[in-house]
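A.B. asks: take a look and give me a structure for this.
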Amino acid sequence: MRYLGRLVAYLAVFFITFSLGYTLLLRWVPVTLTPLKAIRLAEHLPEEGLRVRSNWVPLRKVAMPMVRAVIATEDNHFLSHRGFDWDAIDRALDENREGKRLRGGSTISQQTAKNVFCLPARTWLRKGVEAWFTVLIETFWSKRRIMEVYLNVIETGRNMYGVEAPARDVYGKTAAELNAYEASMIATVLPNPLRRDMAAPSGYMVRRAAQVRSLMGKLGPIEFDRPEGGKDKN
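C.D. replies: Next up is the predicted model:
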């Protein structure tokens, strides 16, 4: 029993040390591989090989409409909370208890933690790990960095990750050149990127994108902390 307790203590120390070090490393290093990306590669390997559409771009090279679109649809308190939007979580729990369509209360910070550090499993253990890494990235990363990583790792289509890939493949431009319509369409795809096709949007997607643009217009100014060595606030 004493050996088991010692083993658990060692594992806990290792996990905490590793997670702190890895989080600090990714404060500066581009995130090129995530658990979800690895799983999707394995799933699609027999049919498509190692074909992945993903291009890392710094936040300063992402158009502001794209930033506004994801904040408007995914987390409109992103700049003010510390990783968790408790009001959104309460609303989601109330709606789920009332039998309405299941919805989540995850912030962009939580989604980033899940995408970068966690396996895509719906378990309490995964939620606990996600919460731990949410606290870490909110502590050691800036909001600018969280948004930058989020916009580069989110799944935006089959074997497609980040916003630069659909900007190039679907709209023939860079993420820096995306307009409000294109940004709203990409944001519309995010809840179900394997089923929704922005290259051939359904009627629902067109209507939803219009709602997204309306929400974007209601947001106030978006200003991030100053990036290292620069004055750009994007």
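
A.B. asks: centre of the chain to stretch 198-214, how far?
C.D. replies: Remark: stretch 198-214 is offset 20 Å from the chain centroid, using CA atoms, centre = their mean, to the nearest Å.

A.B. asks: buried set for stretch 183-201?
C.D. replies: The neighbour-count criterion (16 or more other CB atoms under 10 Å) identifies Ala183, Ser184, Met185, Ile186, Ala187, Thr188, Val189, Leu190, Pro193, Arg196, Met198, Pro201 as the buried residues of stretch 183-201. Every residue, glycine included, has its C-beta placed from N, CA and C.

A.B. asks: low-confidence bits of the chain, can you list those?
C.D. replies: Judged by pLDDT under 70, the chain has its weakly predicted residues at 1, 45-50, 90, 92-105, 225-234.

A.B. asks: repeat that for 50
C.D. replies: The model of the chain has pLDDT under 50 over residues 101-103, 226-233.

A.B. asks: residues near Met66, how many?
C.D. replies: Residues near Met66, counting by other CB atoms under 10 Å, number 26.

A.B. asks: can I take it that it is in a helix?
C.D. replies: Yes. Counting by DSSP: H, G, I helix; E, B strand; the rest coil, one finds Met66 located in a helix.

A.B. asks: I'd assumed Ala176 was in contact with it.
C.D. replies: No. Assessed by CB atoms under 8 Å, Met66 is found out of contact with Ala176, at 9.1 Å.

A.B. asks: could you pull out the helices for this protein?
C.D. replies: 2-25, 35-48, 64-74, 86-97, 108-117, 124-140, 143-153, 164-171, 180-189, 203-218 (DSSP state H).

A.B. asks: redo those as JSON lines? Include distance to Pro58.
C.D. replies: Putting the helices of the chain into JSON lines (distance: least, CB to CB, whole Å) gives the following:
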{"stretch": "helix 2-25", "distance to Pro58": "17"}
{"stretch": "helix 35-48", "distance to Pro58": "20"}
{"stretch": "helix 64-74", "distance to Pro58": "13"}
{"stretch": "helix 86-97", "distance to Pro58": "28"}
{"stretch": "helix 108-117", "distance to Pro58": "16"}
{"stretch": "helix 124-140", "distance to Pro58": "17"}
{"stretch": "helix 143-153", "distance to Pro58": "6"}
{"stretch": "helix 164-171", "distance to Pro58": "10"}
{"stretch": "helix 180-189", "distance to Pro58": "17"}
{"stretch": "helix 203-218", "distance to Pro58": "22"}
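
A.B. asks: tell me which of the ones you listed lies nearest to Ser80.
C.D. replies: Ser80 sits nearest to helix 143-153 of all these, at 9.6 Å, using CB to CB.

A.B. asks: then the closest one to PDB, C-alphas only?
C.D. replies: Extracted in PDB, the C-alpha atoms of helix 143-153 (Å, rounded to 0.1, in the frame of the first residue of the first chain):
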ATOM      1  CA  LYS A 143      -4.900  36.200 -24.400                       C
ATOM      2  CA  ARG A 144      -3.200  37.000 -27.700                       C
ATOM      3  CA  ARG A 145      -1.300  33.700 -27.500                       C
ATOM      4  CA  ILE A 146      -4.400  31.700 -26.600                       C
ATOM      5  CA  MET A 147      -6.300  33.100 -29.600                       C
ATOM      6  CA  GLU A 148      -3.300  32.600 -31.900                       C
ATOM      7  CA  VAL A 149      -3.000  28.900 -30.900                       C
ATOM      8  CA  TYR A 150      -6.800  28.400 -31.100                       C
ATOM      9  CA  LEU A 151      -7.000  29.800 -34.600                       C
ATOM     10  CA  ASN A 152      -4.200  27.500 -35.700                       C
ATOM     11  CA  VAL A 153      -5.200  24.200 -34.200                       C
END
